[in-house]
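Colleague: Give me the fold of what follows.
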Amino acid sequence: MNLTSPHRPGPNDDDATAPVELPHVLVTVAEDGTLAAMVDGTPFASPDASVWTRATFGPLMDAITKDRTIAVRVEVRENDGSVFTEILRTRKPRRAAAPTENPLPETRRNRHARRVPRLAEVTAGGFVPGEDVAVATIVSHTDATGTGETRTLIDLDDLPDGTHEVILFGRISGTLALRRLT
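Modeller: Numbering: from 1, shown residues only. The predicted structure is shown next:
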C-alpha cells in the first residue's frame, strides 16, 4: 500500500514531461456477435480479412497489443448499450533465477541432489481463447489456448501447507474454475 501522495507538477518542474497516453481501443459488438474494432479512431481489420467475433476476442487483443507488449485502454460497447472498460497491461518478462553466489562445482553427487519439483496439473475449459488466466492461490499465470481451454503445472512445494484447492480465473471471460489438487 502506498501512503504517499501522487506527484503533482509544481512551478519548478520541467515542462518537457508529457502525460502518458494509452492507445484507445474501441470494440463495438453487433447483435450477431461480430466485432468492429478501432484503435485511436482507425479501423483495425483482421489480418486474414475474416470477421472478428466474440470467439476471436483474445486473438484480436493479441493483435492490437502485439502479444501484450503494448498497454492499451479497451472499451467494449455491447449492442444492448452496456459498456465495459479495461486497461490491458503489458506482460512482465519472466525473470531467470539469479545464480547463487558460490555455485557448487558440477559433480555427479550434486547433479543428482537437485530438487525435483512435485507438480500437479490443473485443467479447465470455458475461457476465451488467448485470454490471460490467473491461477490462485496466485502462484503463476497462464493463457487459454485457441480452443478456450487452459492448462497449468503447479509445483506443490511452492504452496503453503494445507493448500488443497486452486482457482483459475479468466480475466476477460470472468470464468472461474475451482479445482482440488490430488
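Colleague: Please identify the buried residues of the helix or strand that contains residue 122?
Modeller: Using DSSP states H and E, residue 122 falls within strand 119-124. Buried residues in strand 119-124, counting neighbours by 16 or more other Cβ atoms under 10 Å, are found at 120, 122, 124. Placement of C-beta: from N, CA and C, glycine included.
Colleague: Same list (those) but as JSON lines, adding distance to residue 78 and pLDDT.
Modeller: Putting those into JSON lines (distance: Cβ to Cβ, whole Å; pLDDT from 0 to 100) gives the following:
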{"residue": "120", "distance to residue 78": "38", "pLDDT": "77"}
{"residue": "122", "distance to residue 78": "31", "pLDDT": "83"}
{"residue": "124", "distance to residue 78": "25", "pLDDT": "89"}
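Colleague: Just put those in a markdown table and tack on distance to residue 156.
Modeller: As requested, those are exported to a markdown table (distance: Cβ to Cβ, whole Å):
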| residue | distance to residue 156 |
| --- | --- |
| 120 | 6 |
| 122 | 11 |
| 124 | 18 |
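Colleague: related to what we said a few turns ago, could you look up the next helix or strand downstream of the strand holding residue 122?
Modeller: Sequence order places strand 132-136 as the next helix or strand after strand 119-124, per DSSP H and E.
Colleague: I'd like to know the average pLDDT value across that following strand.
Modeller: Averaged across strand 132-136, the pLDDT comes to 85.
Colleague: for the helix or strand just after that strand, the distance to its chain's centre please.
Modeller: The C-terminal neighbour of strand 132-136 among helices and strands, as given by DSSP H and E, is strand 140-143. Strand 140-143 sits 7 Å away from the centroid of its parent chain (Cα atoms, centre = their mean, to the nearest Å).
Colleague: What residues of strand 140-143 count as buried?
Modeller: Using 16+ other Cβ under 10 Å as the test for burial, strand 140-143 gives 142, 143.
Colleague: thinking again about what came up before, looking at the buried residues of strand 119-124, spot the one nearest residue 80.
Modeller: Using Cβ to Cβ, residue 124 comes nearest to residue 80 of these, at 28.0 Å.
Colleague: OK, contacts around residue 134?
Modeller: Residue 134 sits next to 141, 167, 168, 169, 171 when contact means Cβ atoms under 8 Å, 6 or more residues apart in numbering.
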